[in-house]
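Trainee: output the structure for:
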Amino acid sequence: MLLSVAAVFIGSQMCRSCYVGIFDAYAQTAMAKSSGRVESLAAAEFTAAGHRYRIANNKLFFDGGSTTMDYFIGSNAAGSSYVRAHEGHLFEVPVTWYAQKRKWDASPGYEKDGEINLTRAVESTCLQCHSSRVRPVLGTQNRFGEPPFLENGVSCERCHGPGSEHVKNPATAKMVNPVKLAPERRDAVCSQCHLTGEARIERAGRKVAEYKAGDLLSDYASYFVLKVGRRDLKVTSHVEKLAGSACKMASGDALWCGSCHEPHTNADKSQTACLGCHATSHRKEERCVSCHMPRTKAVDASHGVMTDHSIPRVQKVEAVPAGAALTPFLGTADDRSLGLAYAELGDKRALEYLLRASPQDWPVQLRLAVLEPDAAKAALLYESVLKQNPYEPAALVNLGTNLAKQGRRAEAGRLWERALAVNPGLEEAVLNLSLIRTPKEAQVILRRYLEVNPVSRKARIRLAEIELR
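Mentor: Next comes the predicted model:
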């Protein structure tokens, strides 16, 4: 019996020979320009989150050191964040260029940092929506090939599926045309990047990175939103906001992202879409979206503003009520997915669901281990996690700490060394190792870490103590 050959991604350049006009037009859109290597940055000096910074020669300077700015993430429509590479491991730079306000400031999540943070790992899920053909290194948290992605921005194949078989035989191996898909599969093409909800939980044994155009996104993950509805705006809340709008509820599957957006040219079709249902609307000579889809500050993006896809009659932004429950927007709401979703939000309701979860796979056991007050039981859970996923950094660090408290320092040291191979920016593993190694070994470990994070106050103090002794 002959086995069918799975198509693989081959890159957008293969599309240009047949679709030169579409290709060249798309290359000018924000999606096509949403990532890449930093070519040049204008010199700048500014303060962000209380820290003084200077940019010169594509490097970020600050009190205590400097770092390269190797890659950008973001099309610069709203802004661009930056990534630095250290021996193949990628870390987020703590400053972002906010194009709408024409200013540098702290990146989202860094606004209240008392110390400069250079060790936030960039995982493949971070790159997946801004770049194409990402190249993560197995057994690491944030190490990638060189280059870390083979194609800048969102490629043709992200929306049309892998093209290897189509190139061999265009007549029989068709590319995916989202417009011709069933609504749930059509909408998934956009939702893969424009839907995050409050929590996105991958199904057991599945990865969202494996999704291909034409698949059901719910086969890969469950997406949760607040039961009361989010009353403010997040950067990637377009899909759930549109779903809650009166227009979408009245129009059903007829209204989707492509109703207003022409992806190949970024042409705005919104006015035609609005007048298609509201031909006699008031002030129809004006752009409907100016009032009914206002640009609103995103709660998770500092100076960023995004279009409100809830299409409000009157704009009203309110804080999310405390203790709001989660409900599935896409996918299943079983005990496993709900437990992991609440755990991701730091909500104490997670425990009851996690205890009932099936399967009790490593993501569930990891969360249970963190919540477990009994050290012996927590150790057993961490050991089970590492049998299933030997590279889980939190399990490696925390189990090492557990063993060290029992006097099993050699075993603890091996776990912390493994953790640093997964991600050299794990400060807790570095500091722990420096306590159990010889002074010479500890100096090497700390100096190596200070190359990753030159502003680490704890590592500098520890190194000075050892050198004084």
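Trainee: what does the stretch of helix or strand Thr125 belongs to contact?
Mentor: Assigned by DSSP states H and E, Thr125 belongs to helix 124-128. Contacting residues not belonging to helix 124-128 are listed as 35, 73, 92, 134, 136, 144, 148-149, 193, 208-209 [CB atoms under 8 Å, 6 or more residues apart in numbering]. Every C-beta, even on glycine, is put in place using the N, C-alpha and C of the backbone.
Trainee: rerun at 10 Å
Mentor: 35, 71, 73, 81, 83, 90, 92, 120, 131, 134-137, 140-142, 144, 148-149, 154, 158, 192-193, 200, 202, 207-209, 211 (CB atoms under 10 Å, 6 or more residues apart in numbering).
Trainee: helices - which of these land there?
Mentor: Among the contacts of helix 124-128, DSSP state H puts 158, 192-193 in helices.
Trainee: and Ala369, how far is that from Leu354?
Mentor: 10 Å (CB to CB, to the nearest Å).
Trainee: repeat for Val176
Mentor: In terms of CB to CB, Val176 sits 37 Å off from Leu354.
Trainee: out of the ones in helices among the contacts of helix 124-128, who's nearest Thr438?
Mentor: Thr438 has its nearest neighbour among the ones in helices among the contacts of helix 124-128 in Cys193, at 48.6 Å by CB to CB.
Trainee: just give the number of residues close to the closest one.
Mentor: 18 (other CB atoms under 10 Å).
Trainee: do Leu399 as well
Mentor: 25.
Trainee: go on, Trp104?
Mentor: So Trp104, with other CB under 10 Å, has 21 neighbours.
Trainee: now swap in the one 5 residues further on and tell me
Mentor: Gly109: 14 surrounding residues under other CB under 10 Å.
Trainee: quick one: it and Val95 touch, right?
Mentor: No. At 11.9 Å, Gly109 does not count as touching Val95 under the criterion of CB atoms under 10 Å.
Trainee: please save the CA atoms from the helix holding Thr125 in CSV.
Mentor: Below are the C-alpha coordinates for helix 124-128, written out as CSV (Å, rounded to 0.1, in the frame of the first residue of the first chain):
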residue,chain,number,x,y,z
SER,A,124,8.5,29.5,19.4
THR,A,125,4.9,30.5,20.3
CYS,A,126,6.1,34.1,20.5
LEU,A,127,7.5,34.0,16.9
GLN,A,128,4.8,31.9,15.3
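Trainee: quick one on the thing from earlier: just the buried ones among the contacts of helix 124-128, please.
Mentor: Buried members of these, scored by 16 or more other CB atoms under 10 Å, are 35, 71, 73, 81, 83, 90, 92, 120, 131, 134, 136, 140-142, 144, 148-149, 154, 158, 192-193, 200, 202, 208, 211.
Trainee: for the residue most central in space within the chain, give its distance to Thr47.
Mentor: Central residue of the chain (CA atoms, centre = their mean): Cys126, 3.2 Å from the mean position. Distance, Cys126 to Thr47, by CB to CB: 26 Å.
Trainee: count the neighbours of Tyr98 for me.
Mentor: For Tyr98, using other CB under 10 Å, the count is 23.
Trainee: what's across from it in the sheet?
Mentor: Gly79, Lys103 (DSSP bridges).
Trainee: wait, it touches Ala77, no?
Mentor: No. Contact criterion CB under 10 Å: Tyr98 and Ala77 do not qualify, at 11.0 Å.
Trainee: and Glu417, what does it touch?
Mentor: 396, 400, 429, 433, 437, 445.
Trainee: Glu165: which of those residues is nearest?
Mentor: Leu396 (40.1 Å).
Trainee: surely the closest one meets Ala429?
Mentor: Yes. Using CB under 10 Å, Leu396 is in contact with Ala429, at 7.5 Å.
Trainee: CSV please, covering the ones in helices among the contacts of helix 124-128 and showing pLDDT.
Mentor: Below are these laid out as CSV (pLDDT from 0 to 100):
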residue, pLDDT
Arg158, 96
Gln192, 94
Cys193, 92
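Trainee: from those, which is closest to Leu242?
Mentor: Cys193 (14.3 Å).
Trainee: not counting sequence-adjacent ones, nearest residue to the closest one?
Mentor: Cys129 (3.8 Å; CB to CB, 6 or more residues apart in numbering).
Trainee: wait, that neighbour touches Phe149, no?
Mentor: No. The criterion here is CB under 10 Å, and Cys129 misses it with Phe149 at 11.4 Å.
Trainee: quickly list what's touching both of the two.
Mentor: Shared contacts of Cys129 and Phe149, counting by CB under 10 Å, 6+ apart, come down to Ser35.
Trainee: need the contact list for Trp362.
Mentor: Counted by CB under 10 Å, 6+ apart, Trp362 has contacts 204, 369, 381-382, 384-389, 392, 395.
Trainee: which of those residues fall within helices?
Mentor: 369, 381-382, 384-388, 395.
Trainee: nearest to Trp416 among those?
Mentor: Ala395 (11.8 Å).
Trainee: what about that closest one, how many neighbours?
Mentor: Ala395, neighbours per other CB under 10 Å, totals 26.
Trainee: now the helices for the stretch 251-400 of the chain?
Mentor: Taking DSSP state H, counting those that start in this stretch, the helices of the stretch 251-400 of the chain run over residues 257-260, 270-277, 288-292, 335-344, 350-356, 362-371, 375-388, 393-405.
Trainee: so can I have TSV of those showing mean pLDDT and distance to Ile55?
Mentor: Below are the helices of the stretch 251-400 of the chain laid out as TSV (pLDDT from 0 to 100; distance: least, CB to CB, whole Å):
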stretch	mean pLDDT	distance to Ile55
helix 257-260	94	36
helix 270-277	90	37
helix 288-292	86	35
helix 335-344	97	34
helix 350-356	98	41
helix 362-371	98	38
helix 375-388	98	41
helix 393-405	97	31
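Trainee: closest to Ala421 out of the ones you listed?
Mentor: It is, among these and with distance given as CB to CB, helix 393-405, at 9.3 Å.
Trainee: pull out the buried residues from the following helix or strand past the closest one.
Mentor: Where DSSP H and E defines the elements, the next helix or strand beyond helix 393-405 is helix 409-422. Within helix 409-422, the residues that count as buried by 16+ other CB under 10 Å are 409, 412-413, 415-416, 418-422.
Trainee: picking that back up, scan the ones in helices among the contacts of Trp362 and report the most crowded one.
Mentor: Tyr382 (29 neighbours).
Trainee: list the contacts for that one?
Mentor: With CB under 10 Å, 6+ apart, Tyr382 has these contacts: 362, 365-366, 368-370, 372, 392, 394-403, 415.
Trainee: give me the domain ranges for the chain.
Mentor: 35-153, 346-468 (automatic domain parsing).
Trainee: possible to save those domains as a markdown table with distance to Lys284?
Mentor: Converted to a markdown table, those look like this (distance: least, CB to CB, whole Å):
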| stretch | distance to Lys284 |
| --- | --- |
| domain 35-153 | 27 |
| domain 346-468 | 45 |
